[in-house]
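Student: quick one: sequence and predicted model below, then my questions.
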Amino acid sequence: MTTPAAAANSSPSLVRSIGPFQLALYALGSMLGSGIYGLIGKAAGQAGTAVWLSFLVALVAALLTALSYASLGSRYPRAGGAAYATQRAFRLPILSFTIGLALVCSGLTSVATQSKIFSANLAALFGLEALPPSAIALGFVLILTAIVFRGIRESMWVNVLCTLIEASGLLIVIAAGMSYWGSVSYFDVPAEKADVALAIIVVQASVLSFFAFIGFEDAINVAEECKDPQRTIPIGLMAATAAAAVLYIAVAVTAVSVVPPAELAAAPSPLTEVMKRSAPGFPGWVMTAIALFSVANTALVNYITGSRLIYGMSNQGLLHDKLGEVHEQRRTPHYAILALLIVLVPLVLAGSIADLAAATVLLLLLVFVVVNASLYVLIRREGEAPGKFEVPAFLPLGGAVVCGALLVTRLISSDWVAPVLAAGLIAGILVIYAVYKPDASALERP
């Protein structure tokens, strides 16, 4: 097996073209596409008109881990950042391998899920119900593959366009309903929870609201394609998280001002229902079209992230050398992109993968616990060079505790299917590790 250094000398590398603004939109696009369009209804059903407080609490919880990722990106700006940080902190290849492939699994199921949603929305928008949904979904994945292979510049421009359209959709909702602000009390809880303290209800709802912020972790995996990554990653991550928080809280206030929380929770498309009541003349197809861009953006970001994770793990010696090669003209990890496509095709053609997607959410929380713990270990270890963006040790420790609590809460509230599937995925990753027997001795330690 060749070392990363040798590989770097004999083959082209990724191209650095991403600045702070593009990275912020990259992370923001992933967060906005993570479920706010549907999640707001469920959160309002739990917290009533106080749902905006649940997003505020979720922001604090998400910030702990986002700050950890920003610090790790500043310290170790490389693709496959989570796996690299885990290996550097604990020096256990089996743990690094598991964390890396757990993230890849999360990305794959997200892309497959989004492709199915895209297929359904496209068919509804253009009257293509006669076409097989799987054919539309597969065509969507092939287009994504072509964009990701084409180059990071092209991928980022598509991401910028989609993110601006996504954000515009939320701004339209806010603008249409802003005249309703102040029409209700923003501290009312559902009638059936009247005897429960407001703080408890808000915290319970924040567990759900937290998932609207998932997506910030994608930014670190394009570190090797960022200009001045030690500066770009912290700025991009913090800007994206702040922008998402402002949009989410404003959307939450708008939604419960226009539609009673119970009705919002029952609506199949909560924000579409808000628009129907606040702007009856607004064409409904516009929101469907915006949803298409949102879904496409989430899938694009997860495809890029998955390919860079595989590329980074290959350069750590955790996966085959070929997966770490870069195309000479396009400067993208073409073998990693192809490997993802090979796995994606059967996933897209398969039936419902909702349970698998739910299982990968559990894996993602587990990853957050390990990544926070890794940064805590690295901060306290003597001789570790600090980055340009440092955080005190209690922040990653707090992030690990919060994500651990969310993981336990999610396990308790889930049916048996998702936890069993999550355990099955981990078991499958461990089997691959045992068969492949990766060697991380070539890991660079700058």
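Tutor: Perfect, thanks for sending it.
Student: how about the helices in the stretch 201-350 of the chain?
Tutor: Along the stretch 201-350 of the chain, counting by DSSP state H, counting those that start in this stretch, helices occupy 229-258, 261-266, 270-278, 284-315, 334-349.
Student: take the ones you listed and lay them out in TSV including distance to residue 166, mean pLDDT and mean neighbour count.
Tutor: Every C-beta, even on glycine, is put in place using the N, C-alpha and C of the backbone. Formatted as TSV, the helices of the stretch 201-350 of the chain follow (distance: least, Cβ to Cβ, whole Å; pLDDT from 0 to 100; neighbours: other Cβ atoms under 10 Å):
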stretch	distance to residue 166	mean pLDDT	mean neighbour count
helix 229-258	10	95	23
helix 261-266	20	93	18
helix 270-278	12	92	21
helix 284-315	5	90	24
helix 334-349	22	93	19
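Student: and residue 25, which of the ones you listed is closest to it?
Tutor: Closest to residue 25 of the helices of the stretch 201-350 of the chain, according to Cβ to Cβ: helix 229-258, at 7.5 Å.
Student: report the inter-axis angle for that closest one versus helix 270-278.
Tutor: Angle, helix 229-258 to helix 270-278, by axes from the mean of the first three to the mean of the last three Cα atoms, to 10 degrees: 50 degrees.
Student: ok now helix 229-258, how far from the chain's centre?
Tutor: Counting by Cα atoms, centre = their mean, to the nearest Å, helix 229-258 is centred 14 Å from the centre of its parent chain.
Student: what is it packed up against?
Tutor: Applying 3 or more Cβ pairs under 8 Å, 6 or more residues apart in numbering; DSSP states H and E, one finds that helix 229-258 contacts helix 20-32, helix 36-47, helix 51-75, helix 152-177, helix 270-278.
Student: out of those helices, the one nearest residue 380 is which?
Tutor: Closest of the helices and strands packed on helix 229-258 to residue 380 is helix 51-75, at 13.2 Å (criterion: Cβ to Cβ).
Student: what's the first helix or strand after that closest one?
Tutor: helix 81-90 (DSSP states H and E).
Student: tell me what angle that next one forms with helix 284-315.
Tutor: Interaxial angle, helix 81-90 versus helix 284-315 (the same axes, to 10 degrees): 40 degrees.
Student: so how far is helix 81-90 from its chain's centroid?
Tutor: Per Cα atoms, centre = their mean, the displacement of helix 81-90 from the mean C-alpha position of its chain is 19 Å.
Student: mean confidence for that helix?
Tutor: Averaged over helix 81-90, pLDDT sits at 90.
Student: packing partners for it?
Tutor: Using 3+ Cβ pairs under 8 Å, 6+ apart, helix 81-90 sits against helix 51-75, helix 93-126, helix 284-315, helix 354-380.
Student: ok now the last one, how far from the chain's centre?
Tutor: This points to helix 354-380. That offset, for helix 354-380, works out to 12 Å (Cα atoms, centre = their mean).
Student: what's the angle from the following helix or strand past that helix to helix 354-380?
Tutor: Where DSSP H and E defines the elements, the next helix or strand beyond helix 354-380 is helix 394-413. Taking the same axes, to 10 degrees, helix 394-413 and helix 354-380 form an angle of 160 degrees between their directions.
Student: quick one: contacts of helix 394-413?
Tutor: If you take Cβ atoms under 8 Å, 6 or more residues apart in numbering as the criterion, helix 394-413 is touched by 61, 64-65, 67-68, 71, 207, 210, 361-362, 365-366, 368-369, 372-376, 379, 419.
Student: for the helices of the stretch 201-350 of the chain, which one sits closest to residue 17?
Tutor: Per Cβ to Cβ, nearest to residue 17 of the helices of the stretch 201-350 of the chain: helix 229-258, 11.0 Å.
Student: need the helices of the stretch 201-350 of the chain in JSON lines with distance to residue 162, can you?
Tutor: What follows is the helices of the stretch 201-350 of the chain, written out as JSON lines (distance: least, Cβ to Cβ, whole Å):
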{"stretch": "helix 229-258", "distance to residue 162": "14"}
{"stretch": "helix 261-266", "distance to residue 162": "26"}
{"stretch": "helix 270-278", "distance to residue 162": "17"}
{"stretch": "helix 284-315", "distance to residue 162": "4"}
{"stretch": "helix 334-349", "distance to residue 162": "19"}
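Student: and residue 323, which of the ones you listed is closest to it?
Tutor: helix 284-315 (4.0 Å).
Student: that closest one - contacts with which helices or strands?
Tutor: Counting contacts by 3+ Cβ pairs under 8 Å, 6+ apart, helix 284-315 is packed against helix 20-32, helix 81-90, helix 93-126, helix 133-150, helix 152-177, helix 270-278, helix 334-349.
Student: so what's residue 375 up against?
Tutor: Residue 375 makes contacts with 68, 71, 72, 85, 89, 391, 396, as judged by Cβ under 8 Å, 6+ apart.
Student: adding distance to residue 24 and neighbour count, write those out as a markdown table.
Tutor: A markdown table is the format used below for those (distance: Cβ to Cβ, whole Å; neighbours: other Cβ atoms under 10 Å):
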| residue | distance to residue 24 | neighbour count |
| --- | --- | --- |
| 68 | 18 | 29 |
| 71 | 17 | 26 |
| 72 | 17 | 30 |
| 85 | 22 | 29 |
| 89 | 27 | 23 |
| 391 | 19 | 19 |
| 396 | 22 | 27 |
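Student: nearest to residue 341 among those residues?
Tutor: Using Cβ to Cβ, residue 85 comes nearest to residue 341 of those, at 27.4 Å.
Student: what's the local residue count around the closest residue to that closest one other than its chain neighbours?
Tutor: With Cβ to Cβ, 6 or more residues apart in numbering as the criterion, residue 85 has its nearest non-adjacent residue at 4.5 Å, and that residue is residue 374. The local packing of residue 374 (other Cβ atoms under 10 Å) involves 26 other residues.
Student: how about residue 183?
Tutor: Using other Cβ under 10 Å, residue 183 has 10 other residues around it.
Student: surely it is within a helix?
Tutor: No: in this structure, residue 183 is coil, not part of a helix, as judged by DSSP: H, G, I helix; E, B strand; the rest coil.
Student: lovely, talk soon.
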